[in-house]
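Asker: Okay, predicted coordinates and the sequence, questions at the end:
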Amino acid sequence: MRFAWIAGVMLAATAALPASADVIYPRGLVKAPETLDPQKAATFNETPILYDLFEGLVALDGDGRTPPGAAESWSISPDGIIYTFQLRDGARWSNGDVVKASDFVASFRRLFAPETGATEAGPLLVIKGAAAIQQGTAKPDTLGVAAPDAATLEITLERPVPTFLGRLALPVALPVNVASIKKLGADFGTTGKIVSNGAYRLAAIDKKDGYILVKNPRFRDAKTMPIDSVVYKAFEDVAGCVDAYRAKAVLSCPDVPTENLQDLKGEFGAALRLAPYPGTYYFAINTAKKPFDNVEVRRALSLAIDREALARAVWSGGMVPAETLVPPALSGTPAAMPAPIETRRAEARKLLEAAGFREAAAVQPAAPAPAADNPTAKAPEATAAAAEGTRADGKTGTDNAGSGDTGAKGTGARDGDARDAASPDVTYSITAKPSVNKPGDAAPAIEKPANDKIEAEKSEEKPAAPAASAAKDETAIDAAGPKPLRLTIRVGTGLGHEETARVIADQWKEIGVEATIVTEPNPAHFARMRDGGDFDIARSGWIADEADPIDLLTVLRSDNVRFNYARYNNRDYDKLLDQASTDMDSERRKQELGAAAALLAADAPIIPLLGYVSLSLVSPALAGWNDNPLNVHPTRFLAVN
């Protein structure tokens, strides 16, 4: 298949193409890559190109699994500390040089060298000596990576890490040819002069037409790969890629705008792919504050929420209902069918009654009002269409168990990725992909008692009420008897988040709970939770760095002072995670993680609400695009029909 729009630039690369190169895959990107140096890449935009150009010791296939890559086999010492890899015989770099174990030693040393400036090396800091080298307190040759011979590589860890093989499949673990970098310069990743060891090699970078990759004839499966060349075309936004898809200029887009998701479903049908992504949008409950220290109250609030209705009404199907923190795609446990909502709400009422609360009289649902410091602002109309919003969190890829750094690498986001300023002229995706930063969509607002209908045209300016006073003493039981449960929901900023809270506040009315919604700028919202500020219920979320349940479960460890917003403290839970973090027995580890997840569900310190999804446009002419939790689709496993 040939496409006229790349014909001219392909002529310039003819010398690099196989003689029969007539299968071309024009592939859409949102935003151009900043670099093709895998050790410096820090956004999702580079990820698909890097997986085409380079191959790590462990690879990723079209189903998101981790088969052997540059290493054909490996063994692990009984204590889980030493990994020994046997490299493939005959493997070569794109310049013809033999791929040797010493190349990997040099590559890993460069990764941790302070002058490299790698921002995404966190998951690999478990390699012995890596942290000290990165901090400049040890020399690179002290790194726990050695080459006993040309075909054998040994990696020694600081401690057992059951997920280490999966970490070796991350983009940051892809090898670079250090010898060629010394000739090409440290900025080789931006010049188009790249020596790589993957299925494809870079033929050209064209300012207009994008990144042209052709088969690496030295790659072991080159003769059986259906696609001869892939041309990555970068667009400024998701809408531009969708327009190119309509014009048949690209066969796929890695994201779509979601404010009109239902229309896109109608237009594209099965070509619009929604796949579960390893992350969960949830409400954190302040378990250190009365009455939310009572598990009956927390369980009642969770039981009363109709998540199917929430996903449908607010997020237009762009997120999926979630009853657990760990998505089924990661836990391996199929999602249980929830009981009918009326049955759940009947149980919730009993729990609240047992906790000393009575049902409230009829009240109005919550709607945020204009901000106190902007008295001329009008409350935004919060409709389902306004759900373009932002994701619940703001996390990006570093070591899940450790730093919680907030970079921009391609697996997720931690502390509030929404910006403060709205941009109503641009459409943004609510999917769990950090390729696009999503701005906040509403001005900060103060709390306002609920209304059954949101009437933007009647949003008169009203004086601000201090947030703390709204819930003051409202949950106390006085001489007159039990009172209804009254609480505040803090959402940060974003119409999608505000509308989510409004729908939930309406649903909580069904069990006699009065809820008030409070908005504030996202940085202040997350700082409040992180730094011990006061709140009742607050919007949050987490997207996993690596596809393993412990990534999400670790968020709620009692010693995770940065991200345990719920202030959950259960030593048994911590102990189970301690065991699972080093247990190399996969079956026993699965049981430990399952037990931890069960404890979390029973204690209910958070309310899981929705699961993130990845959204893609994939032409029916493109075969082999298999939905998977990592949302990875290497070109070598695809075919153009």
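Answerer: Nice, I can see it.
Asker: got the residue ranges for the helices in the stretch 451-600 of the chain?
Answerer: For the stretch 451-600 of the chain, the helices defined by DSSP state H, counting those that start in this stretch cover 467-470, 495-509, 522-530, 549-553, 571-582, 586-603.
Asker: Name the spans of the protein whose pLDDT lies under the cut-off.
Answerer: In the predicted model of the chain, residues 1-21, 360-481 satisfy pLDDT under 70.
Asker: Now with 80, please.
Answerer: For the chain, the stretches with pLDDT under 80 are 1-21, 186-187, 189-192, 207, 359-482.
Asker: that older thread, of the helices of the stretch 451-600 of the chain, which approaches residue 73 most closely?
Answerer: helix 586-603 (18.0 Å; Cβ to Cβ). (Glycine included, C-beta is placed from N, CA and C.)
Asker: Show me what the helix or strand just after the closest one packs onto, helices and strands only.
Answerer: Sequence order places strand 606-618 as the next helix or strand after helix 586-603, per DSSP states H and E. If you count contacts as 3 or more Cβ pairs under 8 Å, 6 or more residues apart in numbering; DSSP states H and E, strand 606-618 packs onto helix 238-246, strand 252-253, strand 272-285, helix 295-303, helix 307-315, strand 320-321, helix 495-509, strand 537-543.
Asker: As TSV, these with distance to residue 182 would be great.
Answerer: TSV is the format used below for the helices and strands packed on strand 606-618 (distance: least, Cβ to Cβ, whole Å):
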stretch	distance to residue 182
helix 238-246	37
strand 252-253	36
strand 272-285	38
helix 295-303	57
helix 307-315	50
strand 320-321	48
helix 495-509	49
strand 537-543	37
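Asker: Just name the most buried of those.
Answerer: Comparing those by mean neighbour count (mean count of other Cβ atoms under 10 Å), strand 537-543 comes out on top with a mean of 27.
Asker: got the CA positions of that one in PDB?
Answerer: The C-alpha trace of strand 537-543 is given here as PDB (Å, rounded to 0.1, in the frame of the first residue of the first chain):
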ATOM      1  CA  ILE A 537     -13.700  13.400  50.800                       C
ATOM      2  CA  ALA A 538     -11.300  14.300  48.000                       C
ATOM      3  CA  ARG A 539     -10.900  13.400  44.400                       C
ATOM      4  CA  SER A 540      -7.700  11.500  43.500                       C
ATOM      5  CA  GLY A 541      -6.500   8.700  41.300                       C
ATOM      6  CA  TRP A 542      -3.400   6.600  40.300                       C
ATOM      7  CA  ILE A 543      -2.000   5.300  37.100                       C
END
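Asker: of all the helices and strands packed on strand 606-618, which lies closest to residue 219?
Answerer: strand 252-253 (22.0 Å).
Asker: Show me what the closest one is packed up against.
Answerer: Looks like strand 252-253 contacts strand 24-30, helix 238-246, strand 606-618 (3+ Cβ pairs under 8 Å, 6+ apart).
Asker: between the ones you listed, which gets nearest to residue 79?
Answerer: strand 606-618 (35.0 Å).
Asker: what lines up beside the closest one in the sheet?
Answerer: strand 252-253 (antiparallel), strand 272-285 (antiparallel), strand 320-321 (antiparallel) (DSSP bridges).
Asker: Could you quantify the relative orientation of it and strand 24-30 as an angle?
Answerer: 140 degrees (axes from the mean of the first three to the mean of the last three Cα atoms, to 10 degrees).
Asker: Run me through the strand neighbours of the helix or strand that strand 606-618 is followed by, direction for each.
Answerer: As assigned by DSSP H and E, the chain's next helix or strand after strand 606-618 is strand 622-623. Paired with strand 622-623 in the same sheet, following DSSP bridges, are strand 639-640 (antiparallel).
Asker: Show me the contact partners of the strand it pairs with.
Answerer: Outside of strand 639-640, the residues within contact range by Cβ atoms under 8 Å, 6 or more residues apart in numbering are 1, 23, 24, 25, 226, 227, 251, 621, 622, 623, 624.
Asker: repeat that with 6 Å
Answerer: 1, 23, 25, 226, 621, 623, 624 (Cβ atoms under 6 Å, 6 or more residues apart in numbering).
Asker: mind giving me JSON lines with the helices and strands packed on strand 252-253 and columns for distance to residue 513?
Answerer: Compiled in JSON lines, these are given as follows (distance: least, Cβ to Cβ, whole Å):
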{"stretch": "strand 24-30", "distance to residue 513": "41"}
{"stretch": "helix 238-246", "distance to residue 513": "38"}
{"stretch": "strand 606-618", "distance to residue 513": "13"}
